[in-house]
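In: sequence unavailable; structure follows:
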């Protein structure tokens, strides 16, 4: 398997911390996730795309800026301003357009089994599910998908590719 050229990441519970930063009014970026994303961008030359379902007025930029990684993202696809959400097929077509590489060169990373793994796989992308406690009862990881505890767990996987 070749190293992907583009990493698409969800925000909530994927690269965010578990608590709300009241200064930001949202969850901040987990520092370990920020470090991993910077490494993937700088060392591996990966294009980074943020793909997140959002509510009215919700933006991810303050958290990305505070973490010092806003400059790493080529594109941010936020559902509310786009008027399309995961798991709608149009959302994934927009992801692929933003990735600017063939689907098989994209790794979609998120915490929702259907939205962030099953749907990206059906659109030809690779996928990684971020679950610190593993799969929930009754869930099955689709063939070819990765199961990781944290975004930083991608680094040794990428190094081995």
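Out: Thanks, I have it. Every value quoted in this text rests on a predicted model; they were computed, and no experiment measured them.
In: buried ones in the helix or strand bottoming out on mean pLDDT in the chain, by neighbour count?
Out: Among the helical and strand segments of the chain, the one scoring lowest on mean pLDDT, DSSP states H and E is helix 154-160, with a mean of 91. When neighbours are counted by 16 or more other C-beta atoms under 10 Å, the buried residues of helix 154-160 are found to be 154, 158. Using the backbone N, CA and C atoms, a C-beta is placed for each residue, glycine as well.
In: chain center to it: distance?
Out: Here the centre of mass of C-alpha atoms in helix 154-160, compared against the chain's by C-alpha atoms, centre = their mean, to the nearest Å, lies 16 Å away.
In: any idea how far residue 141 is from the closest residue to residue 21 other than its chain neighbours?
Out: Sequence neighbours aside, residue 28 is the residue nearest to residue 21 in space, at 4.4 Å (criterion: C-beta to C-beta, 6 or more residues apart in numbering). Note on residue 28: its distance to residue 141, by C-beta to C-beta, to the nearest Å, is 28 Å.
In: looking at those two, which one has more neighbours?
Out: For residue 28 versus residue 141, neighbours defined as other C-beta atoms under 10 Å are more numerous around residue 28 (20 against 16).
In: for that one, what are phi and psi?
Out: Residue 28 has phi and psi values of phi -80, psi 170 when expressed as degrees, to the nearest 10.
In: spit out the contact partners of it.
Out: 16-17, 19, 21, 63, 66-67 (C-beta atoms under 8 Å, 6 or more residues apart in numbering).
In: can we see that at 7 Å?
Out: Applying C-beta atoms under 7 Å, 6 or more residues apart in numbering, we find residue 28 in contact with 16-17, 21, 63, 66-67.
In: confidence score at residue 143?
Out: pLDDT recorded at residue 143 is 96.
In: and residue 105, what does it touch?
Out: Taking C-beta under 7 Å, 6+ apart as the contact definition, residue 105 lies against 4-6.
In: tally of neighbours for the nearest residue to residue 61 once chain neighbours are set aside?
Out: When the adjacent residues along the chain are set aside, residue 61 lies closest to residue 70, with 6.0 Å between them (C-beta to C-beta, 6+ apart). Summarising burial for residue 70: neighbours were counted as other C-beta under 10 Å, giving 16.
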